[in-house]
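1. pasting the structure only:
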DNA sequence: CCGATGCTTCGACGCCGGGCGAAGCGTGCG
DNA sequence: CGCACGCTTCGCCCGGCGTCGAAGCATCGG
């Protein structure tokens, strides 16, 4: 009847527990089954069944390490689909102060699969173009190559893979583009490495901008409202 | 707990009946509730409930016309999400000869939300670049503007909207890009208008290449295996 | 080796939601 | 004006799936 089984993958995403797990994994990190059980708020046994389903559905992949099994998003296509879906999903009404704080933090800086998003992500995107580190065709300029290398970004490696090098990705909170693609992933890694951002404890995707990071972004000409 | 309600959208897509409805609507056309009930294979009452859910979830919108209510995909963002999801969804094992024929037809030519996809879509994409109607940055060249105007494509209108003008979109059967965006939608409309393609009866998305269309594509340098 | 830890499998339970037919409501045709 | 038609709402049934705890397997530490 149908060509692809849209319903099957939809059903996988349709369960709140599984959705929370996937949302956590959208940080780009691989998480152990136990941690995923905790973020989903279910018993380990329940989480295990969910993960088995996600696995056989091809949405996540697993790597066994010792007595832990680490799960992660199966590939860029899955990440892209989740991004696209999140853009459609309506924002939940904010209920508690805690959630409100969390939402504000997400709007300011978060990871989007494996790259930087939120107001910081958009600001960085704009700055990279403004400073001509990136051309309008989203290619790295000679000046940009030097500067990015100074940040510890391996531009050549980002260009190597099959994954798209760099592209704009519409930010679902800002409604303006941030940078996505292999290069964006490399930049994200480098900025975490350099301590410009740290992952907020207790939240899977929210990031905190450090003083070092704020100074670094300011040097690029990024204007950021405090938080 | 969560920022967006991924699960809510997923649950909407997770039901086979709703998925079939959405798949039909991915043709870009608006369909009446009764037709959607038929393609989903459920009673009108059941279909009505599904449509009410899709409506309140913001995935479809409705326009009342006489005693019919026509439903269609709510917007480009929803279409993009469904496309991205279809790329993740595994192809179902083909069970019947009829389905096999259908699958072959889909692989050859189909609509992807509102533009041309499948082998024909990829061939057209390649030809547009090859003939330099489109630049490598996916902008229409002067020669392309003239030629497309001859097809009846309103290039200026496509450029006007907020929607992206033209961009590559990875084809999930060919694993090579076809053309998407406002321009692609205009081209699709023009080619249907000119009778290069006709919608296959009984299938929502599959297209049949006419003799006129085959000749036209050949003139562009498209090489197409028979079917 | 034996216990602790992390994860999965199994069995049982409960509930949500998809299914239908009948009835209600609005529109269009004769 | 009244019947026919398209669609939705309502009440009901039932199957599927998410949930947990207990038990079964691996791996690591002593």
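-> Nice, thanks for sending it over. Values in this document were obtained by computation on a predicted structure and should not be read as measured data.
2. tell me the pLDDT at the closest residue in space to residue A:9 that isn't next to it in sequence?
-> Excluding its sequence neighbours, the residue lying closest to residue A:9 (Cβ to Cβ, 6 or more residues apart in numbering or on different chains) is residue B:89, at 4.7 Å. Just so you know, the C-beta spots here come from the backbone N, C-alpha and C atoms, and that holds for glycine as well. Predicted confidence (pLDDT) at residue B:89: the value is 79.
3. next SSE downstream of the worst-scoring helix or strand of chain A on mean pLDDT?
-> Across the helices and strands of chain A, mean pLDDT, DSSP states H and E gives its lowest value to helix A:97-108, namely a mean of 65. Going down the chain from helix A:97-108, the next helix or strand is strand A:110-112, by DSSP states H and E.
4. I'd like the average pLDDT over that following strand.
-> So the average pLDDT for strand A:110-112 ends up being 82.
5. contacts for it?
-> Applying Cβ atoms under 8 Å, 6 or more residues apart in numbering or on different chains, the contact partners of strand A:110-112 are A:26-28, A:83, A:116-118, A:121, A:169, A:171, A:178, A:180, A:188, A:205-207.
6. then stretch A:219-227?
-> With contacts defined as Cβ under 8 Å, 6+ apart, stretch A:219-227 is touched by A:104-105, A:108, A:119-120, A:123-124, A:126-128, A:130-131, A:209, A:214, A:217.
7. buried among those? Make that a PyMOL selection.
-> Of these, the buried ones go into a single PyMOL selection, burial set by 16 or more other Cβ atoms under 10 Å in any protein chain shown:
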select buried, chain A and resi 105+108+119+120+123+124+126+127+128+209+217
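8. mind checking which of the contacts of stretch A:219-227 are in helices?
-> A:104-105, A:108, A:119-120, A:123-124, A:126-128, A:130, A:214, A:217 (DSSP state H).
9. which among those gets closest to residue B:156?
-> Relative to residue B:156, the closest of the ones in helices among the contacts of stretch A:219-227 is residue A:126; by Cβ to Cβ it sits at 28.1 Å.
10. got a pLDDT number for that closest one?
-> 91.
11. so what's it closest to, chain neighbours aside?
-> In space, residue A:126 comes closest to residue A:222 once its chain neighbours are excluded; the distance is 7.7 Å by Cβ to Cβ, 6+ apart.
12. give me the low-pLDDT residue ranges for chain A?
-> A:1-4, A:90-103, A:161-163, A:170-175, A:201-204, A:226-227 (pLDDT under 70).
13. if we can go back for a sec, how about the secondary structure of the residue nearest to residue A:126?
-> Following DSSP: H, G, I helix; E, B strand; the rest coil, residue A:222 is assigned to coil.
14. flag every buried residue along stretch A:205-224.
-> Neighbour counts over stretch A:205-224 (16+ other Cβ under 10 Å) mark A:205, A:206, A:207, A:209, A:213, A:216, A:217, A:222, A:224 as buried.
15. the domain parsing of chain A - what is it?
-> A:6-74, A:90-220 (automatic domain parsing).
16. just to revisit the earlier point, and of the ones in helices among the contacts of stretch A:219-227, the nearest to residue B:74?
-> Nearest to residue B:74 among those is residue A:119, at 26.8 Å by Cβ to Cβ.
17. surely that closest one meets residue A:107?
-> Yes. Residue A:119 is within contact range of residue A:107, at 6.4 Å (criterion: Cβ atoms under 8 Å).
18. and the end-to-end length of stretch A:57-68?
-> This stretch, stretch A:57-68, spans 21 Å end to end (Cα to Cα, to the nearest Å).
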